[in-house]
Structure formats: structure tokens, C-alpha cells
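> Give the three-dimensional model of this entry:
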Amino acid sequence: MSAVASTMNNDAILKVEHLSMRFGGLMAINDLSFEVRRGEITALIGPNGAGKTTVFNCITGFYKPTMGMISMQQKGGKSFYLERMADFEVTRDAKVARTFQNIRLFSGLTLLENLLVAQHNALMKASGYTVLGLLGFKTYKDASKEAVEKARYWLEKASLIDRADDPAGDLPYGAQRRLEIARAMCTGPELLCLDEPAAGLNPRESQELNKLLRSIRADNGTSLLLIEHDMSVVMEISDHVVVLEYGQKISDGDPAHVKNDPRVIAAYLGVDDDEVETVRHEVEEGAN
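Numbers count the residues shown, from 1 in each chain. As a prediction, the model looks like this:
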């Protein structure tokens, strides 16, 4: 059974405990623990190769961790151990959705059709796995109408409704990013995991992305966990930041705390461990 009794802090929607992931002789993640609090935007940051995407792959069921627990608690109190679940079960049952570094839209389908595809499971169930749909049963007609309404709602939220009938491949890059997020939201997630959503965006597109992510949190109550290299995005929208280096957590706190943490500064500058104290003194002198 993947569902478990609720033992998590009421403020935590996701709890990662002593997570480790080994690939042969490489320890990609080493004894990592952190929480994602409900209704907040948590950023997972760190230099290239720090293990951020590996953590996402463990959370979303693409990898089975070598050690550790990943607990997800839904609003109704039902909880899941994600490390025991297949990737499709993490999305379907635990209500965790994900986007990827590389955009994975159906470029030949329209924007509206891309969002309807995300609701495939619900539509198939309503159709009795095609039979009720072919016979025109009201349950399927109602489900189809609801799916279109949900798709149009998210196109509106993503400022894409005027292009609902255009092929997704015709959109500029920034709009494709927002469409991918809208498609993920059509699955009804309680936790949305975003892998570098601002990658390749210009400043205007980054602001549009920030607006969308804030509205998802504020209007829909969805918790967000994101990997991001754009520190302007991280510092502007995050409530909570976790910093990794070589698969280990080196800092955990609000953006102001993390930004001034000498260990974080040293990691991004490529400073050796024995030079961290020097960086600490420089930060303290700069603050004074």
C-alpha cells in the first residue's frame, strides 16, 4: 500500500527525509532532508551537478531512491510514500504534477487540445473507456464540457486564450513554457514541480511567468517546488529556498537568509571549504 496514515506536520505538504541516491560509485544525493510547506513556493537551487534534478526524479517516481522516505500529504489528510509509487501513480493518486527542462508539448495539436490531453484519464473514465462516449451518454457529454471549461480557464490564466485554436508549436518560447504549466495544472495537482521554468526566458517573459506562478499559489492554493538557476526569479517569488551542493544540503531558509549565507556564496563562487570563513567575514563586513 502506498497510502499511509498522516504523520506529517500540518504545514508540510511534502517531506523528504534522509534521501540518498547512488548511481554505481557516485552518490548523487546524500542524506537530504527538507520540507515543502503547504501554500508556499519552495525553490531548490544549487550549482550545476548539485543533484537538483535527481531529487525531482525521486519525488516524481522516475527514480527509486537508494535510501530515504518522501511523504506527500493531501488536503483531506490522506498521505502517500512517493518512493513506493510508480511515476503515473504519483501524478494520478498523490496529485503531484511536473514540468521538465525541455518543453514537451504536442506541437501539432492546438493549445486547447494540449490541455484536453492532460485530462485524458478523467475523460476515459467518464466514457466507460469509449463505450459510453460512443453511445452519447450524458455523463460523458458533461465530462467533456467540464474538461473544455477547465482548459479554457487555464488558457485564460496563462494569458493564452486568444490563441486557443493555434498549434502549440507556433507559440513563442515563453508562451510555450506557460502552456506547459497550464497543462500540468489541468491534472489537478496539489503539488506542482517545475524544472527550470524560467530557462531561456527574457526579462518580460520571466515577469509573465512570475505572475502565473503567484496566481497558481494565491488563487488555486497549489504548493510549488521549483528548480531554478535564475536567481532574480527565485528571490522574487520564493517563500522558502533549499540549497544543494554535491548532493548535500548546505542552506535552508527564506530568500534573505540564503542569499547572505556564506556557504551559498562560496558554493556559487567555487570557493573551497577552507575558504568559507574568509567569505563569511567579507559578507559580514559588507553588511556593516
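> all helices for this structure, in order.
Listed in chain order, the helices of the chain (DSSP state H) span 52-59, 87-92, 111-117, 120-126, 131-134, 138-157, 173-185, 203-220, 231-237, 255-259, 262-269, 276-287.
> Turn these into JSON lines, including distance to Lys75.
(Each C-beta comes from the backbone N, C-alpha and C, glycine too.) Converted to JSON lines, the helices of the chain look like this (distance: least, Cβ to Cβ, whole Å):
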{"stretch": "helix 52-59", "distance to Lys75": "18"}
{"stretch": "helix 87-92", "distance to Lys75": "16"}
{"stretch": "helix 111-117", "distance to Lys75": "23"}
{"stretch": "helix 120-126", "distance to Lys75": "19"}
{"stretch": "helix 131-134", "distance to Lys75": "30"}
{"stretch": "helix 138-157", "distance to Lys75": "19"}
{"stretch": "helix 173-185", "distance to Lys75": "16"}
{"stretch": "helix 203-220", "distance to Lys75": "12"}
{"stretch": "helix 231-237", "distance to Lys75": "22"}
{"stretch": "helix 255-259", "distance to Lys75": "26"}
{"stretch": "helix 262-269", "distance to Lys75": "33"}
{"stretch": "helix 276-287", "distance to Lys75": "40"}
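> between the ones you listed, which one is nearest to Leu32?
Among the helices of the chain, the nearest to Leu32 by Cβ to Cβ is helix 52-59 (6.8 Å).
> and that closest one, what does it pack onto?
strand 12-23, strand 26-37, strand 41-45, strand 67-73, strand 191-195, strand 223-227 (3 or more Cβ pairs under 8 Å, 6 or more residues apart in numbering; DSSP states H and E).
> out of the ones you listed, which comes closest to Glu146?
Nearest to Glu146 among those is strand 191-195; the distance by Cβ to Cβ comes to 20.7 Å.
> So, low pLDDT: which residues of the stretch 51-200 of the chain?
121-140 (pLDDT under 70).
> Which of the helices of the chain sits closest to Leu44?
Of all these, helix 52-59 comes closest under Cβ to Cβ, at 5.2 Å.
> Please list the outside residues in contact with the closest one.
If you take Cβ atoms under 8 Å, 6 or more residues apart in numbering as the criterion, helix 52-59 is touched by 14, 16, 19, 21, 28-29, 32, 44-46, 63-65, 68, 70, 82-83, 90, 96, 98, 101, 193, 195, 225, 227, 244, 247.
> Now do the contacts for the residue sitting nearest the centre point of the chain.
The centre of the chain sits closest to Cys193, judged by Cα atoms, centre = their mean, with a distance of 0.9 Å. Each residue near Cys193 by Cβ under 8 Å, 6+ apart is listed here: 56, 59-60, 96-99, 224-226.
> Recalculate using a threshold of 7 Å.
Cys193 makes contact with 56, 59-60, 96-98, 225 under the criterion Cβ atoms under 7 Å, 6 or more residues apart in numbering.
> swap in Ala151?
Neighbour list for Ala151: 112, 115-116, 186 [criterion: Cβ under 7 Å, 6+ apart].
> Same check on Gly174?
Per Cβ under 7 Å, 6+ apart, neighbours of Gly174: 201, 205, 208.
> Check the residues you listed against Gly77 and report the nearest one.
Comparing the contacts of Gly174 against Gly77 with Cβ to Cβ places Glu208 closest, at 35.5 Å.
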